[in-house]
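>>> fold the stuff below for me.
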Amino acid sequence: MDSNIIIDTDKHKKKRKKPVLIIVGIIGSLVVVQGLFMYSSISKYKSKIYPQIWIEDINVGGKTKEQAKKLIVDVHSDIITKKNITIKINSKEYTVNISKLDMKYNYSDIIDKAYNIGRNGNIFKNYFAITSPDENKFELTHTYNFAIIDTVLKDIVKDNNKDATNATLTKNSSGKFIVIKDKTGLSVDSEGITKAIKSKVNNIDKEENLVISSELKKVDPKIKASELTGVTTKISSVTTNFKNSNANRSENIRLSAAAINGTVIMPGEVFSFNDVVGDRTAQNGFKTAKEIIGDKVVDGIGGGVCQASTTLYNAILRTDIISLERYQHSLKSSYIGAGLDATVAYGILDYRFKNTYTYPIYIESSAYNKNITFSIYSNSSLKSKTYEILNEAVGKTIRVSRITYENNKFLSKVLLYTDKLH
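Numbers count the residues shown, from 1 in each chain. Below is the predicted model of the structure:
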């Protein structure tokens, strides 16, 4: 039996390819449709912020940049205008409206960052950033003008600060020392209030309690009455004469003595003649009189003041107090022994000393009947020592020494310094 069978393979292959082509076509159509859908979704957000993006507690997803900014500004402006910071000090209250701080938020920067979320990458990443978004949240930051707070603080300080009053020492007409009591001051804690205000302003969106309570700080006086009660006794005194001085020079001496009279120098404190007497100017009442400048005697405003500094210097020499700054005249002074003068020139030459006692010292000075006197007062325990000053010529120099006696018995002789002999 002849059984030749002929199979048409081409026709068979065509039948097998047909379903495949149909499937490919369907898939292609789906891809195109999906692509069109993805493109449509992405195009919808072309100028809008992707979903699930928050700035503070505001959902800006689906909003344009301008819409997002308006929404945020409206919400924050409403918050700001309705909030006040209240500062309570004792029974007084001070209010600061937040709107006065000229607050500026970084709206544009944050909105730009929010807008750029999900836009980097290919179409698929962009699409999934829209359809399956992760939640993204941004916090606003802000700046503000703190000048209004400074103004409020100045008012608070003015209303509440009370300067401490130092105890003072005076002598009555009978020569008895009177101690006037010190008073404690009060001070606003400006630094603490400022820090608290900044903290609340920096967290203004979340801050519920906008009340700041502050206590006034006590300010102790620098000199207390208990520190002055020990000043009772004169421990040194020196007088020089200015009988040959004219009216102007006499007035300058009087002004200098008056400026220093009653000065109290606490233990460890430094006295400056120039600081206490001040600039020798016509405006300050000083007159034109003879003074030593270089190797000449000339007219100058304040002439004669050096006799005051010299007399004070010699009173201090007769104590244990240390002189820190002292200068010799370029010519010999007629009113004091050689090597015992102390010239001054405001802003150039000063006479300064440091109170090295454990007690305060009180300076009494007067210019009367052509005599200027400086007396140093302190604790009576210091009276056990007395001092003698020697100025001995040795060749072309003057050697100045201090001899110390304790209970009238010789204790020591110490060379203090050597000056030129004029």
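>>> beta partners for the closest residue to Ile193 other than its chain neighbours?
The spatially closest residue to Ile193, leaving aside those adjacent along the chain, is Ser214, at 5.3 Å (Cβ to Cβ, 6 or more residues apart in numbering). Every residue, glycine included, has its C-beta placed from N, CA and C. Bridge pairing for Ser214 (DSSP bridges) gives the partners Ile89.
>>> quick one: contacts for Ser214?
Ile87, Lys88, Ile89, Val188, Asp189, Gly192, Ile193, Ala196 (Cβ atoms under 8 Å, 6 or more residues apart in numbering).
>>> tell me the buried residues within the residues you listed.
By neighbour count, with 16 or more other Cβ atoms under 10 Å, those hold Ile87, Ile89, Val188, Ile193, Ala196 as buried.
>>> find the nearest non-adjacent residue to the last one, please.
In this case it means Ala196. Nearest non-adjacent residue to Ala196 (Cβ to Cβ, 6+ apart): Ile212, at 4.6 Å.
>>> list the buried residues in the helix or strand harbouring that neighbour.
In this structure, Ile212 sits in strand 211-214 according to DSSP states H and E. By neighbour count on 16+ other Cβ under 10 Å, the buried set for strand 211-214 is Ile212, Ser214.
>>> next: stretch 232-239.
Quick answer for stretch 232-239 (16+ other Cβ under 10 Å): Ile235, Ser236, Val238.
>>> distance of the second one from Thr319?
Using Cβ to Cβ, to the nearest Å, one obtains 5 Å as the distance from Ser236 to Thr319.
>>> now Ser213
52 Å.
>>> ok, now which ones touch Phe410?
Phe410 neighbours (Cβ under 8 Å, 6+ apart): Ile403, Thr404.
>>> one more time with 6 Å, if that's ok
Neighbour list for Phe410: empty [criterion: Cβ atoms under 6 Å, 6 or more residues apart in numbering].
>>> and it, what element?
strand 409-420.
>>> please report phi then psi for Gly300.
Torsion angles at Gly300 (phi, psi; degrees, to the nearest 10) stand at phi -160, psi 150.
>>> now the helices: where do they sit in the stretch 301-422 of the chain?
Along the stretch 301-422 of the chain, the segments classed as helices by DSSP state H, counting those that start in this stretch run 305-317.
>>> in it, which segments are predicted with low confidence?
Along the stretch 301-422 of the chain, the model assigns pLDDT under 70 to no residue.
>>> okay, buried residues for the helix or strand where Lys154 lies please.
Assessed by DSSP H and E, Lys154 sits inside helix 147-160. Within helix 147-160, the residues that qualify as buried are Ile148, Ile149, Val152, Leu153, Ile156, Asn160, counting by 16+ other Cβ under 10 Å.
>>> for stretch 301-315, same thing?
Applying 16+ other Cβ under 10 Å to stretch 301-315 flags 301-315 as buried.
>>> put the alpha carbons of the helix holding Lys154 into PDB.
The C-alpha trace of helix 147-160 is given here as PDB (Å, rounded to 0.1, in the frame of the first residue of the first chain):
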ATOM      1  CA  ALA A 147      15.000  94.600  67.500                       C
ATOM      2  CA  ILE A 148      11.500  94.800  68.900                       C
ATOM      3  CA  ILE A 149      12.500  92.400  71.700                       C
ATOM      4  CA  ASP A 150      15.500  94.700  72.500                       C
ATOM      5  CA  THR A 151      13.100  97.600  72.800                       C
ATOM      6  CA  VAL A 152      10.700  95.700  75.100                       C
ATOM      7  CA  LEU A 153      13.700  94.500  77.200                       C
ATOM      8  CA  LYS A 154      14.900  98.100  77.600                       C
ATOM      9  CA  ASP A 155      11.500  99.100  78.900                       C
ATOM     10  CA  ILE A 156      11.400  96.100  81.300                       C
ATOM     11  CA  VAL A 157      14.900  97.000  82.500                       C
ATOM     12  CA  LYS A 158      13.900 100.600  83.000                       C
ATOM     13  CA  ASP A 159      10.800  99.700  84.900                       C
ATOM     14  CA  ASN A 160      12.400  97.100  87.200                       C
END
